[in-house]
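Undergrad: sharing a sequence plus its predicted fold:
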Amino acid sequence: MSLDRSDVERIAHLARLQINDQDIPAYAENLSSILHLFDQMQSIDTTGVEPLAHPLDAVQRLRADVVTESNQRELLQRNAPATENGLFLVPKVIE
Amino acid sequence: MEWETVIGLEIHAQLSTNTKIFSGASTAFGAEPNTQACAVDLALPGTLPVFNENALRMAVMFGLAVNAEIGKRSVFDRKNYFYPDLPKGYQTTQLAEPIVGPGYIDIELDDGTTRRVRIHHAHLEEDAGKSLHEDFHGMSGIDLNRAGTPLVEIVSEPDMRTAKEASAYARKIHAIITTLGICDGNMAEGSMRCDCNVSVRPKGQEALGTRTELKNINSFRFIERAIETEVARQIDLIEDGGRVIQETRLYDPERNETRSMRSKEEANDYRYFPCPDLLPVIIDDTYIEQIRAELPELPDARKARFVSEFGLSEYDAAVLSAYHAQADYFEQVTRVAGDAKQAANWVMGELAKNLNQKDLDIKESPVSADQLGGLIARIKDDTITGKIAKQVFEIMWAEGGSADEIIEAKGLRQVTDTGAIEAIVDQVITECTTQVDQYKAAEPDKRGKMLGFFMGQIMKASQGKANPGQVQGLLKQKLDALCD
């Protein structure tokens, strides 16, 4: 499977990445070669093999439902570009 | 053409855990903005999620309550999209291997029949934060206190055919999750949110029509109205030669209309993949059976018991068991009063009427179950009449106090002294000469109906305190004596 220019533009948009127009052919080529590798792997017969959710043969540890975090708003908002009344301010987003 | 409506519901229920699904930050409602959003909730680099045992437990409880298969292995996935109230850039959710597999519930319809609605699955996921679009110098404010609150999303099969069935299904889910105590069920505050998938097709057609998803529905009544409105819109559209587009539509209760919310370009490309930060969650039969053993009595079982144990009608039993706090209240009233039917009448009648007027939950009732039970007991033992009981209830509601205290203080005890009753009966007969003459002139078989007038006068004269049984006996005796 090969990617063309519009695929690269679409992926960049979904990831909210700004890319330079002249770099697109190189991205297309690099990403395509990764997909070729996947194609190769896809050709292997995996009948009877359970899909893997995680490479480690381990199970999720659970946490007791007890509050362990205290209010650190001041600290956590110190590197936010803009705050007001305890809110993080971001460019207006109304769909 | 005759049309058939097809409805499926997605219900999001916030779980009543103390902490977030993947962090130890509090989930308490109403805190100052961002005071309950820790480094994990803010998705700061280097933080990792740790799964909350109680969220898992509550999801399993729900699964067992809806007759579902429990996923002994469940896996978290990432659903990728960008929105400022989702700091990670993905929502941690479950796709292919959810915690709750296929199940079902039975809903009761108005005509007394039941209908089975299948549940496709229910999965665990995290809630997003809140965006505030008031004017912050042209910017939006973000509060991430809600980010990471555990949700169980309950996805039904498209098994409902009318708006009423959809709201009956939502009510039943509400009854189950509140009885289990896993969600407070407050739709107005968004603890339980309901999205409706609605489509229409010509009656008899197998293939489903194109569906729209209705959002922003925050009451059971609006579920019905939103669906009815949307169904009418879709049918009009098709009959005018148009086509329904698959989209999300917002219900506006003020204008009672649905309108297109977004036509997300790149829609639904969420690029799900297994979350590498979380391992598969494995549970065994012992864990599941232990939870099953601790399940409270569920609404269906309670309803059946109200019929068999207390002799209530199916209807009364359904109403009383639909909300666990009301069912608890009713049972306590019955225990104190020793009369389930009277208890049911008062809880569903006078009490419900007053609670509705003041928009109060039964848990906030100024009259406790013990107080109401005590009042009914005094009707049963003939201390007061049913009419006076309503007065006592009003005083109880406004000023508090037990039935006995109020009856004593206000002198409301029923008059059963024959001499006193006789005096009132005589007085009324003497005063109402016209009606007495009419009574005498009437055919004997018509006279029974005429007693009502005298009864009313006598009860009024006694301020409702005369024992109605005694009054009736004496009255008839005296009037008939006049006729001879």
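TA: Looks like it came in fine.
Undergrad: what about B:E153, helix or strand, and which?
TA: Using DSSP states H and E, B:E153 sits within strand B:150-156.
Undergrad: beyond that strand, next helix or strand please.
TA: Strand B:150-156 is succeeded, C-terminally, by helix B:163-180 (DSSP H and E).
Undergrad: model confidence over that next one, on average?
TA: Helix B:163-180 shows a mean pLDDT of 96.
Undergrad: so who does the residue lying closest to A:D4 once chain neighbours are set aside touch?
TA: Once flanking residues are discounted, A:D4 sits nearest to A:A28: 6.3 Å by CB to CB, 6 or more residues apart in numbering or on different chains. C-beta here means a position set from N, CA and C on the backbone, and glycine is covered the same way. A:A28 sits next to A:2-5, A:7-8 when contact means CB atoms under 8 Å, 6 or more residues apart in numbering or on different chains.
Undergrad: restricting to C-alpha, output the helix or strand harbouring A:A28 in CSV.
TA: Using DSSP H and E, the element containing A:A28 is helix A:24-42. Written as CSV, here are the backbone C-alpha positions of helix A:24-42 (Å, rounded to 0.1, in the frame of the first residue of the first chain):
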residue,chain,number,x,y,z
ILE,A,24,5.2,16.0,1.5
PRO,A,25,6.8,13.7,-1.1
ALA,A,26,9.4,12.6,1.4
TYR,A,27,6.8,11.9,4.0
ALA,A,28,4.7,9.9,1.5
GLU,A,29,7.7,7.8,0.6
ASN,A,30,8.8,7.2,4.2
LEU,A,31,5.3,6.4,5.4
SER,A,32,4.7,4.1,2.5
SER,A,33,7.8,2.1,3.2
ILE,A,34,6.6,1.5,6.8
LEU,A,35,3.2,0.3,5.3
HIS,A,36,5.1,-2.0,3.0
LEU,A,37,6.7,-3.6,6.1
PHE,A,38,3.2,-4.0,7.5
ASP,A,39,2.0,-5.6,4.3
GLN,A,40,4.8,-8.1,4.6
MET,A,41,3.8,-8.9,8.1
GLN,A,42,0.1,-9.2,7.0
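Undergrad: mean confidence score for it?
TA: 94.
Undergrad: what's next to whatever helix or strand comes next after that helix, contact-wise?
TA: Proceeding N to C from helix A:24-42, the next assigned helix or strand is strand A:62-63, under DSSP H and E. By CB under 8 Å, 6+ apart, the list of residues contacting strand A:62-63 from outside reads B:24, B:50-53, B:56.
Undergrad: so which of those residues sit within helices?
TA: Within these, residues falling in helices by DSSP state H are B:53, B:56.
Undergrad: give me the subset of the contacts of strand A:62-63 touching chain A.
TA: B:24, B:50-53, B:56 (CB under 8 Å from any CB of the partner chain).
Undergrad: and the lengthiest strand in chain A, what's buried?
TA: With secondary structure taken from DSSP state E, chain A has its longest strand at strand A:87-91. The neighbour-count check on strand A:87-91 (16 or more other CB atoms under 10 Å in any protein chain shown) flags A:87-90 as buried.
Undergrad: check the residues you listed against chain B, which are close?
TA: Answer for those near chain B (CB under 8 Å from any CB): A:87-90.
Undergrad: most widely separated two among these?
TA: Pairwise distances across these peak at 9.3 Å for A:L87 and A:V90 (criterion: CB to CB).
Undergrad: joint contacts of these two?
TA: Common neighbours of A:L87 and A:V90 (criterion: CB under 8 Å, 6+ apart): B:I142.
Undergrad: now B:R116: phi and psi?
TA: When quoted as degrees, to the nearest 10, the phi and psi of B:R116 stand at phi -90, psi 130.
Undergrad: what about whatever residue of the stretch 101-250 of chain B ends up closest to chain A, helix or strand, and which?
TA: Proximity of the stretch 101-250 of chain B to chain A (CB to the nearest CB) peaks at B:G141, 3.4 Å away. Assigned by DSSP H and E, B:G141 belongs to strand B:139-143.
Undergrad: restrict that strand to CA atoms and write it as PDB.
TA: The C-alpha trace of strand B:139-143 is given here as PDB (Å, rounded to 0.1, in the frame of the first residue of the first chain):
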ATOM      1  CA  MET B 139     -11.100  32.800  24.300                       C
ATOM      2  CA  SER B 140     -12.700  29.600  25.800                       C
ATOM      3  CA  GLY B 141     -12.300  28.600  29.400                       C
ATOM      4  CA  ILE B 142     -11.400  25.000  30.200                       C
ATOM      5  CA  ASP B 143     -12.300  23.200  33.500                       C
END
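Undergrad: mind listing what's buried in the helix holding A:A28?
TA: Judged by neighbour count using 16+ other CB under 10 Å, the buried positions of helix A:24-42 are A:24, A:27-28, A:31-32.
Undergrad: quick revisit: which of the contacts of strand A:62-63 tops the neighbour count?
TA: Neighbour tally across the contacts of strand A:62-63 (other CB atoms under 10 Å in any protein chain shown): the maximum, 27 neighbours, falls on B:N52.
Undergrad: what's whichever helix or strand B:I288 is part of packed up against?
TA: Assigned by DSSP H and E, B:I288 belongs to helix B:285-293. With contacts taken as 3 or more CB pairs under 8 Å, 6 or more residues apart in numbering or on different chains; DSSP states H and E, helix B:285-293 sits against helix B:53-65.
Undergrad: so the worst-scoring helix or strand of chain A on mean pLDDT, near chain B or not?
TA: Every helix and strand in chain A was compared by mean pLDDT, DSSP states H and E; the lowest is helix A:5-14, with a mean of 91. Yes - residues of helix A:5-14 contacting chain B under CB under 8 Å from any CB: A:10, A:13-14.
Undergrad: which residues touch the closest residue to A:T68 other than its chain neighbours?
TA: Distances taken as CB to CB, 6+ apart place B:G24 nearest to A:T68, at 3.2 Å, with adjacent residues excluded. By CB under 8 Å, 6+ apart, the residues touching B:G24 are A:63, A:66-69, B:38.
Undergrad: among the residues you listed, which are in helices?
TA: Among these, none falls in helices (DSSP H).
Undergrad: tell me the buried residues within those residues.
TA: A:63, A:67, A:69, B:38.
Undergrad: now the third one: how far from B:G141?
TA: From A:E69 across to B:G141, the span is 22 Å (CB to CB, to the nearest Å).
Undergrad: sounds good, over and out.
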